[in-house]
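Chemist: Below is the sequence, then the predicted model.
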4 protein chains.
Amino acid sequence: METSQFRGVIPPVVIPLTEKKSLDLEAFDRSINRMIDAGVDGLFFLGSSGEVAFLTDAQRYHVLQEAVAIVNGRVPVLAGIIDMETMRVIDQAKRAAGFGVDALVATAPFYALGGPKETERHFRAIREYTDLPLFAYDLPVCVHTKLDPDMLVRLGEDGVLQGVKDSSGDDVSFRWLVLENEDAGHPLQLLTGHEVVVDGAYLGGADGSVPGLANLDPAAYVAQWKAAQAGDWEKAKEIQDHLARLMFVTRRVKATVGFGAGVGAFKTALWQMGVFNTNQMREPVQPLEGEDVEAIVAILKKEGMLDPDAPVRA
Amino acid sequence: METSQFRGVIPPVVIPLTEKKSLDLEAFDRSINRMIDAGVDGLFFLGSSGEVAFLTDAQRYHVLQEAVAIVNGRVPVLAGIIDMETMRVIDQAKRAAGFGVDALVATAPFYALGGPKETERHFRAIREYTDLPLFAYDLPVCVHTKLDPDMLVRLGEDGVLQGVKDSSGDDVSFRWLVLENEDAGHPLQLLTGHEVVVDGAYLGGADGSVPGLANLDPAAYVAQWKAAQAGDWEKAKEIQDHLARLMFVTRRVKATVGFGAGVGAFKTALWQMGVFNTNQMREPVQPLEGEDVEAIVAILKKEGMLDPDAPVRA
Amino acid sequence: METSQFRGVIPPVVIPLTEKKSLDLEAFDRSINRMIDAGVDGLFFLGSSGEVAFLTDAQRYHVLQEAVAIVNGRVPVLAGIIDMETMRVIDQAKRAAGFGVDALVATAPFYALGGPKETERHFRAIREYTDLPLFAYDLPVCVHTKLDPDMLVRLGEDGVLQGVKDSSGDDVSFRWLVLENEDAGHPLQLLTGHEVVVDGAYLGGADGSVPGLANLDPAAYVAQWKAAQAGDWEKAKEIQDHLARLMFVTRRVKATVGFGAGVGAFKTALWQMGVFNTNQMREPVQPLEGEDVEAIVAILKKEGMLDPDAPVRA
Amino acid sequence: METSQFRGVIPPVVIPLTEKKSLDLEAFDRSINRMIDAGVDGLFFLGSSGEVAFLTDAQRYHVLQEAVAIVNGRVPVLAGIIDMETMRVIDQAKRAAGFGVDALVATAPFYALGGPKETERHFRAIREYTDLPLFAYDLPVCVHTKLDPDMLVRLGEDGVLQGVKDSSGDDVSFRWLVLENEDAGHPLQLLTGHEVVVDGAYLGGADGSVPGLANLDPAAYVAQWKAAQAGDWEKAKEIQDHLARLMFVTRRVKATVGFGAGVGAFKTALWQMGVFNTNQMREPVQPLEGEDVEAIVAILKKEGMLDPDAPVRA
């Protein structure tokens, strides 16, 4: 599989659960196929949206096993190997590799405090233990470290990193990363995880996106990528406006904050749209209910994702 | 002066000092005229880049007095009324108004801890004491409060705010602000202070920009705004790439961090370009020197802002 | 006035307002005298609890003028000279000095970002403009910079600082400051602003305290200081337990957060105790009401600060 | 094993490694026995200082197996079950229980963002899967959530928690926790992890301490606990001053920050004192060397932990 495959729209896959909080294989199959049929360029499992933090190791590898089987080579599969510090991440890397994934995605170390020396050494150490393409996942909101563009490009030039999934929310840093990567001969594939402003990221030179919201509307993200590739920026912008409004599903949640509001809203939307069978969440998060569900349904209808007359599923 | 004047490129003006750390009127005149001649749409004095925090009240009003005289009605003048809490801000508002400025710019209260109720009340209280157009300045890196888009639009609808200068670095929030402002009938002029990614902000619907970097290259920002207005996004992007690289002047500073590196680099660049006579800074910040100056000169040459053979001024 | 006077209990004075939000001189006089009669060792005006951020300059100097007149030399008067950056702080220092205060209290610069070089230079620059004893006010929750113990001791040894008011909430750093100050020959008077754990600070070697809560119960803090001086640690602890419970007045507020909850609760308590005539707050903060007032009254009764049968003032 | 055993001095055990970065069983045995012989009241394995974040699961359980064998029932063994979110923590709990430990220690969930609802549910969910005494580990510097005293006492009253290891650095919150726990009938054992100010915590009512520094000088912490129990606060303070100065080993490190400086300094000190055979660290952290080692040796000598003539081990 060539490097150039890791570009375009690569959604981080949200995991459907049954009422008993186990993996809902039927809905998982439906959602994956729906995204592949819409034309996505890859799928990323076990990311933050993919509940990686909430899954035991056994559950993580169950997800990977089923995912690889369902995808069946149609698009590249990226797997998150998220854990606290280097040797635990390497442990995850070794196991994920056994499931036939096409690339690995790792964050900086978290939990223990460290500095830039430790962060750089961390990625180099992972590389020593795996031959798979490795993406750095820049996610300071969870990891509490911002990855430095200079370091990332250096790791690209040294063959440590294949690319970066940037969910840092720091668009200035991302722009500098794009420019420095260009100056270095483009060693890294640069993917934005910033689903609300993908148009600007594409205009600035991103190689693709990893939008959680693409679980809800993969076709729109695919159309936007094609528009951007064709230089039709007005269309890319217009589609983005729709997607930014669709993202309001996560903004109108009142019952809780963080993951429960964000991924909780995605699951609730997918459930109301008939892609998922429930909006169940894993411990300690509770599924959304009542007025939060109603608010989400209203947004889905306004954005054309649900029939205006559709009843609220309960 | 109409509302519609507060759009386009409105640089926050960097203040030149003499070696004795007093306002350098000759350079101030030169820099302001250079920006107006380049076609900027307004000028913002006493912003963060304009040393507002470092000036005594007497020095602040000296700056305003000279600024209004030099500008002489050619473009609108916005004045920062930055202070710790509401009544101090109102005190600044009353005095600034006396100098004939066209609009005021205020942050959320800072120093004392507060919550969203206090932030909203703050802007409403300022409005009760002034008739000038009022912009909210969203600058969490200094103010430690992020302004909520819902609140901003509500304040726009209620006639409290004329617009927003968004230097929050939160491009998702800015996009939502743009959309909600649109839905409300566009009560607010929305200006991005995010000088490195202005192209994306324009594509997303910003009404203009407040780029500190425009002190160095006002013509480029003006050309970019015109390109964006004409829908020439490739050109807007190309200009932005140049400007993003020019911003490296602030990234390569080793001697210090924060304001001394950021505005310190701007002043050093303007000095080397002959616009300023020194790169002097106000207490407690020291001017850049030695290898930091050399690094800045190298970037200016690479980006065509200095003749390749120009010696380093000392 | 000798150095040794800046020790013991030095409350930061809370400001009573009339219903019209102006300084209530009658209550101000009563509250100051109540604290002096209780035996406090000094009074600190224009600190964070003293509304310094909320007062215009004219209001600040009105407070100082009245305060110095009421105190009338009975105890030393410390004055906060809180402003954004160095030259503004120096401006405040010059004016405060004219009112006959005995010492000045300054924070690190805030608003503009800086680093340790700028922080140290800031205090040195202030010293160049005043002969009054100068205290550093370590208050990262408002100022967003933690003062380094090594720097503080160095500034003490160099005659820049007279002492430190530590409201950092970092008791480890404070302990190290005490030890390093001791090793350097005790150049600094070290006062804790951590009103809930003063007993531990005294045991660890603090020279005194600056407890906002002493506005409510000055006699208890004075008794505690005497107990600590006498080595009666069990008594110091017992008094602290009462004071820590009394501090619950700030914890049970539901209407808002931050200053409005903290100083708002102090004012409400002083109002209910008959020391203040209102619990009025300055813009943009609103006074507490309803169940928040009732919760405060219940705590005051439980801690013996109000007669069990006292009605709630309204 | 009774509840009352979880009090007094319970060091979090630092892990010695061979040059090849594997568990050094000889040094592990020596260090554990040295602490038990000094009279500690319990030992805590797999805490932050115990490298829990850096160990694969296989390595974690190797540590527990050896630890339980070496301790051999002489003191209670507490085991950290630190992982990202609830079900992963429960997975760790089940496995740790199999090794015969006496209590479990869990943090709030980390990685995914959440709120207070999720935090409380997290501890309740863990309790549903284990019968062992459960301690909450309050460590916002790693976990980015501060545990609320009200919630902790509620969980104590409901039989969910046995106690709290407070490493929050928030001594005000800890004092309130002590008081509210007292009011509720003392359901929780409250242990401070704040090794530099244990005297104040004991005076304030802590049931014990979990000081990483006790790996270096367990006898001093044991003597301090006895002094505090006997009401000899001057002695408790004097011992604390020695320990606070000994903690300077972590303050004088220049090569790195965070865990590498903190636990890195502890390991270097134990190596120089002959308790450990190396100061090796796990990936991605590098062991201290050169002037950092020399600075640590100088402090150890000053504090009487090394013979003044001892050469620096290399």
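Modeler: Now that the structure is in, tell me what you want to look at.
Chemist: just so I have it, where are all the strands in the stretch 201-314 of chain A?
Modeler: With DSSP state E, counting those that start in this stretch as the criterion, the stretch 201-314 of chain A has strands at A:208-209.
Chemist: where exactly do the helices run in it?
Modeler: Counting by DSSP state H, counting those that start in this stretch, one finds helices in the stretch 201-314 of chain A at the ranges A:218-229, A:233-246, A:248-251, A:259-272, A:291-302.
Chemist: So which of the ones you listed is nearest chain C?
Modeler: Minimum separation from chain C across the helices of the stretch 201-314 of chain A (CB to the nearest CB) falls at helix A:259-272, 20.4 Å. In short, each C-beta sits where N, CA and C put it, glycine included.
Chemist: can you tell me if the closest one touches chain B.
Modeler: No - using CB under 8 Å from any CB of the partner chain, helix A:259-272 stays clear of chain B, coming no nearer than 11.9 Å.
Chemist: For the stretch 201-314 of chain A, which residues are neighbours of chain D?
Modeler: Applying CB under 8 Å from any CB, we find that the stretch 201-314 of chain A lies next to chain D at A:256-260, A:262, A:282-286.
Chemist: re earlier: indicate which one of the helices of the stretch 201-314 of chain A is closest to B:Ser173.
Modeler: B:Ser173 lies closest to helix A:248-251 among the helices of the stretch 201-314 of chain A, at 10.0 Å (CB to CB).
Chemist: Can you give me the neighbour number for A:Leu179?
Modeler: A:Leu179 is flanked by 21 other residues according to other CB atoms under 10 Å in any protein chain shown.
Chemist: Tell me the spacing between it and A:Asp148.
Modeler: The spacing between A:Leu179 and A:Asp148, counted by CB to CB, to the nearest Å, is 14 Å.
Chemist: again, but for A:Gly73
Modeler: Distance from A:Gly73 to A:Asp148, by CB to CB: 36 Å.
Chemist: Check A:Glu66 too.
Modeler: Going from A:Glu66 to A:Asp148 by CB to CB gives 36 Å.
Chemist: Report the angle between the helix or strand where A:Arg34 lies and helix A:218-229.
Modeler: For A:Arg34, the host element (DSSP states H and E) is helix A:25-38. Going by axes from the mean of the first three to the mean of the last three CA atoms, to 10 degrees, helix A:25-38 is angled at 30 degrees with respect to helix A:218-229.
Chemist: For helix A:25-38, name the packing helices and strands.
Modeler: strand A:43-45, helix A:57-71, helix A:218-229 (3 or more CB pairs under 8 Å, 6 or more residues apart in numbering or on different chains; DSSP states H and E).
Chemist: Next, report how far the next helix or strand after the second one is displaced from the centre of its chain.
Modeler: Where DSSP H and E defines the elements, the next helix or strand beyond helix A:57-71 is strand A:77-80. Centroid displacement of strand A:77-80 relative to its chain, using CA atoms, centre = their mean, to the nearest Å, is 10 Å.
Chemist: angle of the next helix or strand along the chain from strand A:77-80 against helix D:57-71?
Modeler: Going down the chain from strand A:77-80, the next helix or strand is helix A:86-97, by DSSP H and E. With the same axes, to 10 degrees applied, the angle from helix A:86-97 to helix D:57-71 works out at 130 degrees.
Chemist: Tell me which helix or strand comes right after helix A:86-97.
Modeler: The helix or strand immediately downstream of helix A:86-97 is strand A:103-107, counting by DSSP H and E.
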